[in-house]
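Novice: I would like the atomic coordinates for the input below:
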Amino acid sequence: MEDLRTEYKKLSIEELKTVLKESVLSAENEELCRMVLAEKMGTTSAKDEGINFSSAEISSVRKRPPIDINTKSSYKTTRAIAGFISFVGWISLVVGLFVAFQRITESGPEATIGLSMGIFIIYGALITIIGGQLTRANVDTTDYCREILDELRARK
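Specialist: Have a look, this model is predicted:
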């Protein structure tokens with residue numbers, strides 16, 4: 001951390017402002033950069049001098065092309081299977097709701113068994129939908145991490 005502080009101290013005020021606007025910094029590094037900037041400006045906080053960049057200002061500077069997951073994904077089959085699993089879950093949910101509502105109007109032990117079966121089908125369907133969605137989220141996370149890694153390698 002002290003090495004980074006030393007590097008920030010070597011920069012001019014304008015360069016520090018540029019670093020805050022254009023760089024992707026962790027919260028700790030951003031705070032350190034703001035503290036060094038405040039020291040150079042002779043204030044208690046960089047925010048005192050109106051150097052408080054909103055996330056909209058920062059994101060407008062950091063314009064990057066959107067990531068097209070469908071064309072760059074190495075996991076198209078996994079994504080398709082996860083979508084199919086979610087689809088089966090939604091169909092099962094509809095069937096479970098139909099079975100449960102059909103048995104509500106009846107009475108007797110068969111109605112209780114049918115209602116219980118409908119509730120179990122609904123429960124299983126929700127678990128299936130969640131499993132498919134979680135799988136797709138994991139694939140998306142993997143693809144985004146690969147994009148981040150590619151971008152970091154390109155910067156070197």
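Novice: for residue 81, see how far away the most centrally placed residue in the chain is.
Specialist: Taking Cα atoms, centre = their mean, the centroid of the chain lies closest to residue 141, which sits 7.5 Å from it. Residue 141 sits 17 Å away from residue 81, going by Cβ to Cβ, to the nearest Å. C-beta: built from backbone N, CA, C; applies to glycine.
Novice: over to residue 114?
Specialist: 32 Å.
Novice: give me the pLDDT for the residue nearest to the centre of the chain.
Specialist: On pLDDT, residue 141 comes in at 89.
Novice: likewise residue 133?
Specialist: 95.
Novice: number of nearby residues for it?
Specialist: 15 (other Cβ atoms under 10 Å).
Novice: can you tell me the element the residue nearest to it when sequence neighbours are not counted falls in?
Specialist: The shortest distance from residue 133 to any non-neighbouring residue, by Cβ to Cβ, 6 or more residues apart in numbering, is to residue 86 (6.0 Å). Assigning secondary structure by DSSP states H and E places residue 86 in helix 76-104.
Novice: same check on residue 146?
Specialist: helix 109-155.
Novice: can you state the direction angle for that helix and helix 76-104?
Specialist: 160 degrees (axes from the mean of the first three to the mean of the last three Cα atoms, to 10 degrees).
Novice: and helix 109-155, how far out from the chain's middle?
Specialist: Averaging C-alpha positions (Cα atoms, centre = their mean, to the nearest Å) puts helix 109-155 15 Å from its chain's average.
Novice: which elements pack onto that helix?
Specialist: Packing partners of helix 109-155 (3 or more Cβ pairs under 8 Å, 6 or more residues apart in numbering; DSSP states H and E): helix 69-72, helix 76-104.
Novice: hmm, what's the outermost residue in this protein?
Specialist: No residue in the chain sits farther from the centre than residue 108, which is 48.9 Å out by Cα atoms, centre = their mean.
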